[in-house]
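Novice: What follows is a predicted structure for the sequence shown.
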Amino acid sequence: MAETHVLPASLETTPLHALHVARGARMVPFAGYEMPVQYEGIIAEHLHTRAAAGLFDVSHMGQAFLIGPDHETAARALEALVGADLVGLEPGRQRYTQLLDEEGGILDDLMVTRSADPDEDGVLMLIVNAARKAEDYEHLERALPPNVKLLRAEQRALLALQGPSAAAVLTRHAPDTAAMAFMTARSTRFDGIECHVSRSGYTGEDGYEISVKAIRVRAVVERLLGHPEVKLVGLGARDSLRLEAGLCLYGHDIDTATSPIEAGLAWSIGKRRREQGGFPGASRILRELELGPARKRVGLEMEGRIPAREGAEIRVEGAAFGKVTSGGFGPSVGKPIAMGYVESRFAAPGTAVFATVRDKELPARIVPMPFVPHRYHRA
Amino acid sequence: MADARYTRDHEWIRLDGDVGVVGITTYAQSQLGDVVYVELPAIGKQLEKGAEAAVVESVKAASEIYSPVGGEVVAINDALEAAPAIVNEDAEGKGWFLKLKLADPKELDALMSAEEYQRYVETIG
């Protein structure tokens, strides 16, 4: 067995670090933080999330505000860096997008929320990946006009409550979250504690992300854990849940070498943006939208029991035409699954391919994603 | 059966006559997490001491398992094919991987006793 890793001394921690340790988490380094990979076990935590509700500490992610004089000014400033229509984003609505480089590669993916509060006109809330936040903030600050400022929300923690019981549980503490639709957000009080809640997540299930001051997050977590439906879930199951949901992980399934169109994220490029362009890499992205990309992100289901993991070659008739970018065992699917990129001519669902694992060619099939149907709460 | 001997890579071997039963330790399975597949060698394969003997696939990763001593594979645990989670439930019993006909039983002397392995795990834990 490979050597177990020793935690480097310089890792950061979240405000819930002591709680994780006290509750039996196995802590591992992730994106510069010491984070819980699992408590009782990845499969049990994964299945519990799909059956009831999983509670995730995602405080390592970057939370920040863009503050401009009015919505249109703030939205246009960010639109210069991403492909989403943000000017058209309604108050209290959230949108998924990507920071793009000049070649149309992806620098990071992020969630953007327009504040629902009229007194916060001109405020956009951003959530970016932990491993990218330093680069993202630098990139934003270089590009923003002088009247739009970036404010890092470093004193805030972030929780995700995900699963079919999430709404029933959260509603007991914050009744006004019950009627929220998928990809909306609002300020609320959780037993009196000020929170900013969005109905979104990274598991494919209904659920919420809850942003709360770091000094009050433990109280929220302890109250949520008081419900038998709620269990802590680590990063291990977070990864297997998002893989089954067909969602991209930055640095693996998307990076500067992939475009949003290759990655199957064309839906996140706004209609007005397609007509007007004016975002980094627009010429490539608009060309790929028109002609189709040379390669596409696809789902793979293994025929046997051996998982194909990141880096495995995807082969057709003895030649390599792509690579796995995420792969493992899907606890709800009950078999090994993967995602990766293949040349577009091999991307049709049903195509028989092979994935190379330890010098063996293992049979697999291209399948549509998600592997497990999304169960978002649409209005 | 004799007492088990342990490696620094978290394999155990227990001698039964001139055949050694090999598996991974309880500590190893707890570090790997849920085991979803175990790739075992062919019967008849000759393994050098320290050679790759098996691969354990957990939800997160694939981990190589090395042969604690040299010998010939004379049996593998077929039960792991249908129920790999046995490795999590009983790593040092029903979750054994393979049986080796030892090339040189003296190689066992270089491995750790249960007490020595326990102390070793505490130093890395």
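Specialist: It's in. Numbering: from 1, shown residues only, chains lettered A, B, ... in the order given.
Novice: Chain B: strands as residue ranges?
Specialist: B:4-6, B:11-16, B:19-24, B:35-39, B:46-47, B:52-58, B:62-66, B:71-76, B:98-102 (DSSP state E).
Novice: Just the buried positions in the third one, please.
Specialist: Just to be clear, that refers to strand B:19-24. Residues of strand B:19-24 classed as buried under the neighbour-count rule (16 or more other CB atoms under 10 Å in any protein chain shown) are B:19-24. Heads up, the C-betas are built off the backbone N, CA and C, glycines and all.
Novice: and of those, the nearest to chain A?
Specialist: B:Ile24 (6.0 Å; CB to the nearest CB).
Novice: So in terms of bridging, what pairs with that closest one?
Specialist: B:Glu11 (DSSP bridges).
Novice: In contact with the spatially most central residue of chain B, which residues?
Specialist: Ranked by distance to the mean C-alpha position of chain B (CA atoms, centre = their mean), the top residue is B:Gly23 at 2.3 Å. Under the criterion of CB atoms under 8 Å, 6 or more residues apart in numbering or on different chains, the contact list for B:Gly23 reads B:11-12, B:87, B:91-92, B:95-97.
Novice: what do you get if the cut-off is 7 Å, keeping everything else the same?
Specialist: The neighbourhood of B:Gly23, defined by CB atoms under 7 Å, 6 or more residues apart in numbering or on different chains, consists of B:11-12, B:91-92, B:95-97.
Novice: tell me, how many neighbours does the closest residue in space to it that isn't next to it in sequence end up with?
Specialist: Leaving aside its chain neighbours, B:Gly23 sits nearest to B:Trp96 (4.2 Å; criterion: CB to CB, 6 or more residues apart in numbering or on different chains). B:Trp96 has 23 neighbouring residues, counting by other CB atoms under 10 Å in any protein chain shown.
Novice: Over to A:Arg189?
Specialist: By other CB under 10 Å, the residues close to A:Arg189 number 12.
Novice: Show me the beta-bridge partners of it.
Specialist: When assigned by DSSP bridges, A:Arg189 has beta-bridge partners A:Glu194.
Novice: State the pLDDT value of it.
Specialist: Note on A:Arg189: pLDDT of 98.
Novice: ok, the nearest residue to A:Met302 once chain neighbours are set aside - contacts?
Specialist: Here the nearest residue to A:Met302 in space, its sequence neighbours aside, is A:Pro336; by CB to CB, 6+ apart that works out to 4.1 Å. Counting by CB under 7 Å, 6+ apart, A:Pro336 makes contact with A:302, A:305-308, A:327-329.
Novice: Equivalent analysis for A:Val212, please.
Specialist: Going by CB under 7 Å, 6+ apart, A:Val212 touches A:156-157, A:193, A:195, A:220.
Novice: hmm, 10 Å instead?
Specialist: When the contact criterion is CB atoms under 10 Å, 6 or more residues apart in numbering or on different chains, the partners of A:Val212 are A:15, A:59, A:156-159, A:190, A:193-197, A:218-221.
Novice: Identify the residue nearest it in space, chain neighbours excluded?
Specialist: Closest residue in space to A:Val212, ignoring its immediate chain neighbours: A:Cys195 at 4.7 Å, by CB to CB, 6+ apart.
Novice: State the distance from the residue nearest to the centre of chain B to B:Ser58.
Specialist: Counting by CB to CB, to the nearest Å, the gap between B:Gly23 and B:Ser58 amounts to 15 Å.
Novice: Thought A:Gly68 was touching A:Arg76, still the case?
Specialist: Yes. Between A:Arg76 and A:Gly68 there is a contact at 8.6 Å, judged by CB atoms under 10 Å.
Novice: what about the two, which has more around it?
Specialist: A:Gly68 (21 against 15).
Novice: Spell out which parts of the stretch 201-350 of chain A neighbour chain B.
Specialist: Residues of the stretch 201-350 of chain A lying close to chain B (CB under 10 Å from any CB of the partner chain) are A:234-237, A:239-240, A:304-307, A:309, A:328-331, A:334-336.
Novice: Selecting buried members of the residues you listed in PyMOL, what would you type?
Specialist: One line in PyMOL is enough to select the buried members of those, burial here meaning 16+ other CB under 10 Å:
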select buried, chain A and resi 234+235+236+237+239+240+305+306+307+309+328+329+330+331+336
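Novice: where does chain A dip in pLDDT?
Specialist: Filtered on pLDDT under 70, chain A yields the residue ranges A:1-9.
Novice: rerun at 50
Specialist: Scanning chain A for pLDDT under 50 picks out the ranges A:2-3.
Novice: before we move on, back to that, quick check: the residue nearest to A:Val212 vs A:Thr49, distance?
Specialist: Counting by CB to CB, the separation of A:Cys195 from A:Thr49 is 21 Å.
Novice: Compare the two (neighbour count), which wins?
Specialist: Residue environment comparison for A:Cys195 versus A:Thr49 gives the larger neighbour count to A:Thr49, 32 against 24, counting by other CB under 10 Å.
Novice: For the more buried one, which non-adjacent residue is closest in space?
Specialist: Counting by CB to CB, 6+ apart, the nearest residue to A:Thr49 once its immediate chain neighbours are dropped is A:Gly163, at 4.7 Å.
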